[in-house]
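Visitor: One predicted model, sequence on top.
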Amino acid sequence: MHRFILTLLIILSLGAPLRAERVTVVPGEGALSSAVAQAAAGDDLILTAGRYAGPVVIDKPLTLSGKSGAVIDAAGQGSVITVDAPDVIVTGLTITGSGRSHDTIDAGVKLTKAARGARILDNDIRGNLVGVDIHGARDALVKGNRIEGLRLARMNDRGNGVYVWNAPGSVVEGNEIRYGRDGIFSNTSKRNTYRGNLFRDLRFAVHYMYTNDSTVEGNISIGNHLGFAMMYSDRIVARDNISINDRDHGVMLNYTNQSDIFANLVTGGTEKCAFIYNSHRNLLAENVFDGCDIGVHFTAGSERNTITGNAFIGNRTQVKYVGTRDVEWSYEGRGNFWSDHAAFDLDGDARADSAYRPNDLMDHILWSQPAAKLLLGTPAVQLVRWSQAQFPATQTGGVVDSHPLTTAPVHRVPSPYETLAQATPLWANGGRDDASDSLASH
């Protein structure tokens, strides 16, 4: 009987969870690596102010946090912190000094496939090739970090702020990401959420490749070469994002299908507010395209897209589309607002009484034969355009909005970002941030 009780007590003691400890770590040679090696699962390692040598590998569930002034520096060797265990939290640290190898994807924080449920919170991640590499880690959260990448002379030599590869369920939220190459580069993944981030002075703010069933929501892109690029991806929801002073495109769909592009704002003189290339069965609704050289460039046989409720305001060319048949840009009697459509609404239904065609025969000629631009302003060009206005049968194929709106949806730049929106972007100054074509360099 006594032996049975003793055996039972031993079994119960072995099964009981160990008590997690809060361990204070002070700077010293090998202090961080030793603390991680000696820690038990569930421990909270608290780094006091000072510099700690990296790289370090976290191979058990624990929390690594820092008091003000705690810095982990890998001095140019590999990834500063590699998380190779589930449910790890890294928070409150300055993380710097990764290596510069693209082959090994040297990063401030690398999350391996084993790092499921990792939490990377409120860190200052700067001076690394890649800020955070979510490399196969499911359900990771990267939130509230300030990430500043390298400012190498060639943009393609830099790394991304956050690199997401095959990491379903991961969330990147509320970060400030500046410099480097792309703010978030999402590749071969699914069910991801990229929400409420601020991107500045990058190539792409958000760059999707082969990422499906995901959400891009409430982000702000300021002064990048390209804002939100969704490429080779399906079933994306991109809503409530803002692109300000981005150079080439605010929103780009390239081989993207069955996606909702909703209530976004592109403003500030971008070359093309939106570029839609070989993309099908998408919804573009309630967006504002304001002050671009081209409002929407629509090309490469994109089919069965629904375009309704958008505002095209003050773009030099509202739509660039060359086709031999009419493409209807309204849905169930609701079209879009066009700032240059002088029309009446006599019945007061908030729909203009006449259809709108953003392009005419001369536009088609000018786009297909650039040398014809020399004829702009000549009486011959004016005669062709007058003839089309008087005799609609002479119209060629193109975009038609049969039910234009008389009022526009309103999206404004939030007040905290108005000053940033007025600043001259780095790409406009040339210099260290190369001005190579963002898609050609892709």
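Guide: Right, received. Where do you want to start?
Visitor: could you pull out the helices for this protein?
Guide: All helices of the chain, identified by DSSP state H, fall at 2-15, 31-38, 361-368, 379-390, 418-422, 426-429.
Visitor: Please name the bridge partners of the nearest residue to residue 178 once chain neighbours are set aside.
Guide: Nearest residue to residue 178, sequence neighbours excluded (C-beta to C-beta, 6 or more residues apart in numbering): residue 200, at 4.5 Å. Heads up, the C-betas are built off the backbone N, CA and C, glycines and all. Applying DSSP bridges to residue 200 gives these bridge partners: residue 178, residue 222.
Visitor: count of residues packed around residue 200?
Guide: Using other C-beta atoms under 10 Å, residue 200 has 22 neighbouring residues.
Visitor: where does the stretch 301-442 of the chain have low pLDDT?
Guide: 322-324, 360-397, 431-442 (pLDDT under 70).
Visitor: so who does residue 341 touch?
Guide: Neighbour list for residue 341: 352, 356, 404 [criterion: C-beta atoms under 8 Å, 6 or more residues apart in numbering].
Visitor: bridging residues for the second one?
Guide: Listed by DSSP bridges, the beta-bridge partners for residue 356 are residue 401.
Visitor: Residue numbering should commence at 403 henceforth.
Guide: Happy to do that; since the first residue is 403 now, the last one works out to residue 758.
Visitor: from what I can see it touches residue 744, true?
Guide: No: with contact defined as C-beta atoms under 8 Å, residue 758 does not reach residue 744; the gap is 9.9 Å.
Visitor: follow-up on the earlier one: could I get the contacting residues of the residue nearest to residue 580?
Guide: Residue 602 neighbours (C-beta under 8 Å, 6+ apart): 578-580, 623-626, 822.
Visitor: Present those residues as JSON lines; the columns should include neighbour count.
Guide: Formatted as JSON lines, those follow (neighbours: other C-beta atoms under 10 Å):
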{"residue": "578", "neighbour count": "17"}
{"residue": "579", "neighbour count": "29"}
{"residue": "580", "neighbour count": "21"}
{"residue": "623", "neighbour count": "26"}
{"residue": "624", "neighbour count": "24"}
{"residue": "625", "neighbour count": "25"}
{"residue": "626", "neighbour count": "30"}
{"residue": "822", "neighbour count": "16"}
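Visitor: between those residues, which is closest to residue 537?
Guide: Nearest to residue 537, judged by C-beta to C-beta, of the contacts of residue 602 is residue 579 at 17.8 Å.
Visitor: residue contacts, the closest residue to that closest one other than its chain neighbours?
Guide: Nearest residue to residue 579 in three dimensions, chain neighbours excluded: residue 563, at 3.7 Å (C-beta to C-beta, 6+ apart). By C-beta under 8 Å, 6+ apart, the contact set of residue 563 is 532-534, 549, 551, 577, 579-580, 582, 584-586, 601, 604.
Visitor: Please apply the same query to residue 708.
Guide: Counting by C-beta under 8 Å, 6+ apart, residue 708 makes contact with 684-687, 733.
Visitor: Flag the least confident of the residues you listed.
Guide: Ranked by pLDDT, these bottom out at residue 733 (94).
Visitor: how close does that one sit to residue 617?
Guide: Remark: distance between residue 733 and residue 617 (C-beta to C-beta, to the nearest Å) = 23 Å.
Visitor: okay, the contacts of residue 563 in CSV with pLDDT next?
Guide: As requested, those are exported to CSV (pLDDT from 0 to 100):
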residue, pLDDT
532, 98
533, 98
534, 98
549, 98
551, 96
577, 98
579, 98
580, 97
582, 95
584, 98
585, 98
586, 98
601, 98
604, 97
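Visitor: In CSV: those, plus distance to residue 653.
Guide: Output for the contacts of residue 563, formatted as CSV (distance: C-beta to C-beta, whole Å):
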residue, distance to residue 653
532, 25
533, 24
534, 25
549, 23
551, 23
577, 20
579, 18
580, 21
582, 21
584, 15
585, 15
586, 15
601, 14
604, 15
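Visitor: what about burial for those residues, which qualify?
Guide: 532-534, 549, 551, 577, 579-580, 582, 584-586, 601, 604 (16 or more other C-beta atoms under 10 Å).
Visitor: if we can go back for a sec, how far away is the residue nearest to residue 579 from residue 753?
Guide: Distance of residue 563 to residue 753, computed by C-beta to C-beta: 44 Å.
Visitor: for residue 818, same thing?
Guide: For residue 818 relative to residue 753 (C-beta to C-beta), the value is 36 Å.
Visitor: More neighbours: which of those two?
Guide: Using other C-beta under 10 Å as the criterion, residue 818 and residue 753 rank with residue 753 on top: 18 against 9.
Visitor: Neighbour count: residue 758 and residue 744, which is higher?
Guide: The neighbour comparison of residue 758 against residue 744 (other C-beta under 10 Å) goes to residue 758, with 25 against 9.
Visitor: OK, contacts around the more buried one?
Guide: 737, 740, 743, 745, 802-803, 806.
Visitor: Let's see that with 10 Å instead.
Guide: By C-beta atoms under 10 Å, 6 or more residues apart in numbering, the residues touching residue 758 are 714, 720-721, 731-732, 737-740, 742-745, 801-807.
Visitor: do residue 679 as well
Guide: 633, 654-658, 699-704, 841.
Visitor: Minimum pLDDT in those, which residue is that?
Guide: Lowest confidence among the contacts of residue 679: residue 841, with 59.
Visitor: so can I have a markdown table of the contacts of residue 602 showing distance to residue 493?
Guide: Formatted as a markdown table, these follow (distance: C-beta to C-beta, whole Å):
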| residue | distance to residue 493 |
| --- | --- |
| 578 | 16 |
| 579 | 18 |
| 580 | 21 |
| 623 | 26 |
| 624 | 27 |
| 625 | 29 |
| 626 | 28 |
| 822 | 27 |
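Visitor: With adjacent residues omitted, what lies nearest to residue 761?
Guide: Nearest non-adjacent residue to residue 761, counting by C-beta to C-beta, 6+ apart: residue 800, 4.9 Å away.
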